[in-house]
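Colleague: Here you go, sequence then predicted model.
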Amino acid sequence: MSEFKIGIVSISDRASGGVYKDEGIPALKEWLAKVVTSPALHFEERLIPDEKPVIESTLVELVDMRGCHLVLTTGGTGPAPRDVTPEATLAVADKEMPGFGEQMRAVSLKYVPTAILSRQVAVIRKQALIINLPGQPKAIKETLDGVFAAVPYCIDLVGGPYIETNEALVRAFRPKSAIRKKP
Amino acid sequence: MSEFKIGIVSISDRASGGVYKDEGIPALKEWLAKVVTSPALHFEERLIPDEKPVIESTLVELVDMRGCHLVLTTGGTGPAPRDVTPEATLAVADKEMPGFGEQMRAVSLKYVPTAILSRQVAVIRKQALIINLPGQPKAIKETLDGVFAAVPYCIDLVGGPYIETNEALVRAFRPKSAIRKKP
Amino acid sequence: MSEFKIGIVSISDRASGGVYKDEGIPALKEWLAKVVTSPALHFEERLIPDEKPVIESTLVELVDMRGCHLVLTTGGTGPAPRDVTPEATLAVADKEMPGFGEQMRAVSLKYVPTAILSRQVAVIRKQALIINLPGQPKAIKETLDGVFAAVPYCIDLVGGPYIETNEALVRAFRPKSAIRKKP
């Protein structure tokens, strides 16, 4: 596979309604462009409101129609009535991946005690890993720094491309038997 | 809002049956009276048996009829057959808040390795945060000390009163934009 | 009770199909034989493929027919399409025990960042505690070392035998009121 297709979904009533400028999509693209060295990145970007049916259909489209192997969402994971990103993500899941949510909260807890209010989840749908991230660019970076080392091997296991990273930033971990030597 | 309505629910067959004296309600009230400085506390106390339908209807009454913004339960979170507090809490939930259970277990684990047997959860129902706490007064204090810093901002987000704490005991955390200046 | 009945279930398409030798069952038996000093261990061993209905019926048979008080599974907890052990375990559960999965991932995370990919759960079914463990013998040992201190008291609470351990290896923890003096 010569491409790594990544869905980037910013979920926010106000940003999608033009009330303020979305900062989630640029923050995610910038982080990924720095960290992932191969294969070439192909982004599918979506900016949508906090509507459960819209979030669900967007995730399904990105995985089933666009063939993404990774989908990152930002926003909508708090306790407020409009925050429904985790519920929408679980609704389209084949498998839950509880370790991501646990570890993202544990990482954020080093910065703010309100990290426990984040309800973010990660799931597998078909050939894709879907991860909910926080809404703030600073928190996006902190949580990706904390979990991305496990993402390339996870994507191997669901049949995706072999992802390599800039090891000065994130050292992807694979068991020895899963490491491919360069030709 | 000039009042902070808090439901305090002690769940125990033996205490509700008069076999021994309930220690959960006094422990919870004492802790809250020390830590919360405003607004004025109004407690709704209930002492009930480990019966799932009774726990559910009590939680619904406290949130829907009494208008509580916080409901704390104590007891019934272990692995024994009569321990059904988490199941009853999830049954009346609009949203799960997994970070509370994770953090309460992580905090208790510093004291006892059997902390992992506690199945406590937290959820949002309408305008209220409902948190399961352990049964022992010592463990109640330890877990509240470990998570309460996130409670005031959570209650802001579900539309409750602006809660202030004695910062020498618990320093409530809010993002800068959510902090209200005193007049 | 003069016996501690333990179900040991290795879940692997390849090992059960004879493609390679199962290493999970011997690793689990060796660890338990070293750590548990009383009562006498009785093992019920099963080597089965990654088929959800087979895993479910095996767990039900071990708990309901064989009377096991502890069932340990190994394998099938990752994100790959054939990994369905957690789903099968949850399908036969009376109660979820989220603290085990959290703690096992936290322990494994000290060794490898891909620990967060493990979806292992623990549950109560009737008189039995069922725990999913990783597939690799080294990881089996690490996670059992990390959670077993809580297992004897958990088995007390579901009505099983009073388990004692070699305290040099694992110090079982019970509240004072639950400790039985030797006659």
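Modeller: Nice, I can see it. Treat the numbers as computed from the prediction; the structure is a model and nothing was measured.
Colleague: Could you look up the SS state of the residue in chain A that chain C sits nearest to?
Modeller: The nearest approach of chain A to chain C comes at residue A:99, 3.2 Å away (CB to the nearest CB). For the C-beta atoms, the positions are set from N, CA and C on the backbone; glycine is no exception. For residue A:99, the assignment made with DSSP: H, G, I helix; E, B strand; the rest coil gives helix.
Colleague: for residue A:141, same thing?
Modeller: Secondary structure assignment for residue A:141 (three-state DSSP): helix.
Colleague: for it, what are its contacts?
Modeller: A:27, A:31 (CB atoms under 8 Å, 6 or more residues apart in numbering or on different chains).
Colleague: Now name the helix or strand holding the most centrally placed residue in chain A.
Modeller: Nearest residue to the geometric centre of chain A (CA atoms, centre = their mean): residue A:72, 2.5 Å. If you go by DSSP states H and E, residue A:72 is part of strand A:70-74.
Colleague: right, and the helix or strand after the helix or strand harbouring residue A:43?
Modeller: In the assignment (DSSP H and E), residue A:43 maps to strand A:40-48. Once the chain leaves strand A:40-48, the next helix or strand it forms, by DSSP H and E, is helix A:52-60.
Colleague: Could you list every helix and strand that that next one packs against?
Modeller: Helices and strands touching helix A:52-60, by 3 or more CB pairs under 8 Å, 6 or more residues apart in numbering or on different chains; DSSP states H and E, are strand A:3-11, strand A:40-48, strand A:70-74, helix A:85-91.
Colleague: How about the residues of chain A by chain C?
Modeller: Residues of chain A lying close to chain C (CB under 8 Å from any CB of the partner chain) are A:95-100, A:102-103, A:106, A:124, A:129, A:147, A:149-150, A:153-154, A:157-158, A:173-175.
Colleague: on that earlier part again, run me through the strand neighbours of the strand holding residue A:43, direction for each.
Modeller: strand A:3-11 (parallel) (DSSP bridges).
Colleague: buried ones in the partner strand?
Modeller: A:4, A:5, A:6, A:7, A:8, A:9, A:10, A:11 (16 or more other CB atoms under 10 Å in any protein chain shown).
Colleague: and after it, which helix or strand comes next?
Modeller: helix A:13-16.
Colleague: gap between residue A:72 and chain B?
Modeller: Taking CB to the nearest CB, to the nearest Å as the measure, residue A:72 falls 19 Å from chain B.
Colleague: And residue A:178, by the same measure?
Modeller: 29 Å.
Colleague: thought that residue was touching residue A:155?
Modeller: No - using CB atoms under 8 Å, residue A:178 is not in contact with residue A:155; the gap is 11.2 Å.
Colleague: Looking at these two, which is more packed in?
Modeller: residue A:155 (21 against 13; other CB atoms under 10 Å in any protein chain shown).
Colleague: Let me know how buried the closest residue to the more buried one other than its chain neighbours is, in neighbour terms.
Modeller: When the adjacent residues along the chain are set aside, residue A:155 lies closest to residue A:69, with 5.3 Å between them (CB to CB, 6 or more residues apart in numbering or on different chains). Other residues lying near residue A:69 total 24 when counted by other CB under 10 Å.
Colleague: I'm done for today, thanks for sticking with me.
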